[in-house]
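Q: no sequence on this one, just coordinates:
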């Protein structure tokens, strides 16, 4: 279990295309003792002004809750009719395996920050897998 966050962060760095330059900082990881095989993992994601995140999928076992800590994040998951802007204090959910087709700091002048909290299979090694060259997987 203790090796999951370093592996996740290494996978994210190695798989991140040049256009995705958000900074991901691990914050918390712990096995959920009353749900065998599941873990709670949290990471803080910082976006510079106007900074995008490349299209990506999250772990197929991962339920994702996102809380915007600072600024505004524009986000869209495949199948949603239109992008949505979430501001500091807002939150949203992504289902396991969801294809995140748009994510970016909605402001060209202010930084943005979010907290991503996963409930995931403890053996999932990569919580975020970026699409190759921006194409769907």
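A: Nice, thanks for sending it over. Predicted model only: the values in this text are computed from it and were never measured.

Q: Just name the shakiest helix or strand of this structure by mean pLDDT.
A: Within the chain, no helix or strand scores below helix 4-15, which has a mean of 43 by mean pLDDT, DSSP states H and E.

Q: Tell me how far the residue of the chain most remote from its centre lies from residue 40.
A: Distance from the C-alpha centroid of the chain, by C-alpha atoms, centre = their mean, peaks at residue 34 (24.8 Å). Distance, residue 34 to residue 40, by C-beta to C-beta, to the nearest Å: 12 Å. Every residue, glycine included, has its C-beta placed from N, CA and C.

Q: What's opposite the residue most central in space within the chain in the beta bridge?
A: Nearest residue to the geometric centre of the chain (C-alpha atoms, centre = their mean): residue 116, 5.7 Å. Beta-bridge partners for residue 116, by DSSP bridges, are residue 43, residue 66.
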